[in-house]
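A.B. asks: Below is the structure, and that's it, no one-letter string:
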């Protein structure tokens, strides 16, 4: 179980790192399952192809923080990472949201099936 947790958190950090270095489109294109979905705090629901297209033009984040991470094991080969995420861009208020990334193991590889954000006020302390 510890190895699983480490693998999943490493993937989550790689995802955020890709959003900071501008390679998010390629990273999430490879990580998401074909019928994967992202539900964003803005109210958008995007399938894998929409995620790839939107990240190709997205401005990069400068940095991010993962606060109070925890793992929810759903079944053998399926787990959700839960945390408060805080991301920063120059000249903008931090984006703060409760985040959930659900991963499934397909042919021995962890893949992202569902990602969801719920925005919280940036001045609210993390829960």
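C.D. replies: Sure thing, it's come through. Please read all numbers here as calculations on a predicted model, not as lab measurements.
A.B. asks: Count the residues that sit near residue 115.
C.D. replies: Residue 115 is flanked by 24 other residues according to other C-beta atoms under 10 Å. Heads up, the C-betas are built off the backbone N, CA and C, glycines and all.
A.B. asks: looking at it, it is touching residue 103, isn't it?
C.D. replies: No. Using C-beta atoms under 8 Å, residue 115 is not in contact with residue 103, being 9.7 Å away.
A.B. asks: Regarding residue 93, what is its secondary structure?
C.D. replies: Following DSSP: H, G, I helix; E, B strand; the rest coil, residue 93 is assigned to coil.
A.B. asks: Report pLDDT for it.
C.D. replies: Per-residue pLDDT puts residue 93 at 92.
A.B. asks: Okay, now stretch 85-99: how far is its last residue from its first?
C.D. replies: 6 Å (C-alpha to C-alpha, to the nearest Å).
A.B. asks: Now the element after the lengthiest helix in the chain, going C-ward?
C.D. replies: Looking across the chain with DSSP state H, the single longest helix is helix 2-21. Once the chain leaves helix 2-21, the next helix or strand it forms, by DSSP states H and E, is helix 24-31.
A.B. asks: Many thanks, have a good one.
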